[in-house]
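S.K.: only geometry, no sequence info:
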């Protein structure tokens, strides 16, 4: 079931004071990267101070903060902490999944048109083995989101070995019915690989409900952390998988620094085998921990509801001026695309946005708008005023 508007008894208020964004900047571009909160920045500075005196970092620190971080991400997505790995980028997690599926000639992979490249290239490489890539494009219809979801379901056949997509489309926020897609994939035995980078943290995601085989997320967008560290959930399909690299800290018994030359063939429990080397970053880990604590405190469901409340009425004004948006049932509220009337030149739009200090992104044929809890009505009003002026 598609649902982005939960029933909430304690709605969020604007959290701008928790960030260092300039007062005159209308930053509606969280899908590009999130700003760091003051608390996350402070955690990073504390980590730098600690790294300045190496004796402050003990062998236990290499594991304790990693375990804390994995536990927090597991809570965000309702998954067992032992199934969480730390990765440097989405491409790393996708490559891990692809390499462990062992797809053969004649099998098929379902992707989406204009999917983010990190969840495309590793799949395209399989064409050399004779694997067929089925790319499902968005239909040119009045009920685009609904028809696109139906087309994805139709593309999943008994020959489908994997379905790889996001929870929302990264360029325009189209919302995919992962519940139905997962059910169809399981029915034909296909692996479901979800890139949650543009949804997890601002849109509820429940691993136990969706049952993906892998969920891959960068940490610097809706999970509100620094660049360079992300998360992966790997389900039972990958329980005995082979990692991309053979780092020492993924092996059994690595907590015993004095015994590291007693080489171990066995991996540590769970998805630890898929962890990137040097995961125990003394600067990034404290920042990510603080970021996830803030996400959990705000709650993705409440963040989604806040963004809906902030944007719903102004967006209805834009539709009256000829701008096109996906039906609310098939778009996210923290990330959505606004398609321009034909008479508006993209260059004129960019100039107007720059002149009014509004930060959004242009992705494909959509102006991508992505608010979060640091935004208020002034930010949305500034954007809507620019768009309405251009439409005249």
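M.R.: Yes, it's here. Since this is a predicted model, take the numbers as computed values, not measurements. Residues are numbered from 1 along each chain as shown.
S.K.: CA atoms for contacts and neighbours, from now on please.
M.R.: Fine.
S.K.: domains for the protein, by residue range?
M.R.: 16-36+299-391, 43-297 (automatic domain parsing).
S.K.: roughly how far is the longest one from the heart of the chain?
M.R.: What that stands for is domain 43-297. Distance of domain 43-297 from the chain centroid (Cα atoms, centre = their mean, to the nearest Å) equals 9 Å.
S.K.: Span of it from start to end?
M.R.: 17 Å (Cα to Cα, to the nearest Å).
S.K.: what about residue 64, which SS state?
M.R.: helix (DSSP: H, G, I helix; E, B strand; the rest coil).
S.K.: can you tell me how far it sits from residue 21?
M.R.: 32 Å.
S.K.: Pick out whichever of the two has more residues nearby.
M.R.: Neighbours per residue (other Cα atoms under 10 Å) separate residue 64 from residue 21, with residue 21 holding more: 16 against 11.
S.K.: Mean pLDDT per helix and strand in this protein: which one sits at the bottom?
M.R.: strand 361-363 (a mean of 83; mean pLDDT, DSSP states H and E).
S.K.: Low-confidence stretches in the stretch 101-250 of the chain?
M.R.: In the prediction, the stretch 101-250 of the chain carries no residues with pLDDT under 70.
S.K.: how about the strands in it?
M.R.: 108-112, 132-136, 160-166, 191-195, 214-218, 230-234 (DSSP state E, counting those that start in this stretch).
S.K.: Let's have the ones you listed in CSV, adding distance to residue 125.
M.R.: Output for the strands of the stretch 101-250 of the chain, formatted as CSV (distance: least, Cα to Cα, whole Å):
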stretch, distance to residue 125
strand 108-112, 12
strand 132-136, 10
strand 160-166, 14
strand 191-195, 16
strand 214-218, 19
strand 230-234, 21
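S.K.: Just tell me which of those ends up closest to residue 372.
M.R.: strand 214-218 (16.9 Å; Cα to Cα).
S.K.: Let me know the angle separating that closest one from strand 230-234.
M.R.: 180 degrees (axes from the mean of the first three to the mean of the last three Cα atoms, to 10 degrees).
S.K.: any residues touching strand 214-218, and which ones?
M.R.: Strand 214-218 has contacts (Cα atoms under 8 Å, 6 or more residues apart in numbering) with 89-90, 93-94, 97, 192-197, 200, 229-235.
S.K.: Repeat the analysis, applying 6 Å as the threshold.
M.R.: With Cα atoms under 6 Å, 6 or more residues apart in numbering as the test, strand 214-218 has contacts from 89-90, 193-197, 230-235.
S.K.: So which of these is the closest to residue 301?
M.R.: Nearest to residue 301 among the contacts of strand 214-218, with distances taken as Cα to Cα, is residue 196, at 15.2 Å.
S.K.: Any figure for the gap between residue 218 and residue 200?
M.R.: 9 Å.
S.K.: what does residue 167 give?
M.R.: Distance from residue 167 to residue 200, by Cα to Cα: 8 Å.
S.K.: ok, now residue 14?
M.R.: Applying Cα to Cα to residue 14 and residue 200 gives a distance of 20 Å.
S.K.: Those two - which one has more neighbours?
M.R.: Using other Cα under 10 Å as the criterion, residue 14 and residue 200 rank with residue 200 on top: 26 against 14.
S.K.: so what's that one up against?
M.R.: Applying Cα under 6 Å, 6+ apart, no residues qualify as near residue 200.
S.K.: 10 Å instead, please
M.R.: Contact partners of residue 200, counting by Cα atoms under 10 Å, 6 or more residues apart in numbering, are 73, 76-77, 167-168, 206, 215-219, 221-223, 295, 300.
S.K.: Tell me, how many residues neighbour residue 262?
M.R.: The burial count for residue 262: 10, using other Cα under 10 Å.
S.K.: Next one: it from residue 276, what distance?
M.R.: Distance from residue 262 to residue 276, by Cα to Cα: 21 Å.
S.K.: Ok, residue 230 next?
M.R.: Residue 230 is 10 Å from residue 276, by Cα to Cα.
S.K.: Need the overlap of contacts for these two.
M.R.: Common neighbours of residue 230 and residue 276 (Cα under 10 Å, 6+ apart) are 85, 86, 87, 88, 89, 92, 93.
S.K.: did I read that right, the first one in a strand?
M.R.: So the one you mean is residue 85. Yes. Assessed with three-state DSSP, residue 85 lies in a strand.
S.K.: In contact with it, which residues are there?
M.R.: Counting by Cα under 10 Å, 6+ apart, residue 85 has contacts 66-67, 69-70, 73, 93, 216, 230-234, 270-276, 279.
S.K.: redo that, cut-off 8 Å
M.R.: 70, 231, 232, 233, 234, 271, 272, 273, 274, 275.
S.K.: Out of the residues you listed, which comes closest to residue 317?
M.R.: Looking across those and measuring by Cα to Cα, the closest to residue 317 is residue 231, at 38.2 Å.
S.K.: how about the closest one, what does it touch?
M.R.: So residue 231 contacts 73, 84, 85, 86, 87, 216, 217, 218, 219 (Cα under 8 Å, 6+ apart).
S.K.: Grab the most central residue of this structure for me.
M.R.: residue 197 (1.1 Å; Cα atoms, centre = their mean).
S.K.: Pretty sure that one sits against residue 221.
M.R.: Yes. With contacts counted by Cα atoms under 8 Å, residue 197 reaches residue 221, the gap being 7.0 Å.
S.K.: before we move on, the earlier item: quick one: which of the contacts of residue 200 is nearest to residue 33?
M.R.: Closest to residue 33, out of all of the contacts of residue 200 and judged by Cα to Cα, is residue 221, at 4.6 Å.
S.K.: Check the gap between the closest one and residue 29 for me.
M.R.: 10 Å.
S.K.: So the two - more neighbours on which side?
M.R.: Per other Cα under 10 Å, whichever of residue 221 and residue 29 has more neighbours is residue 221, with 24 against 21.
S.K.: Return the distance of the more buried one relative to residue 176.
M.R.: With distances taken as Cα to Cα, residue 221 is found 19 Å from residue 176.
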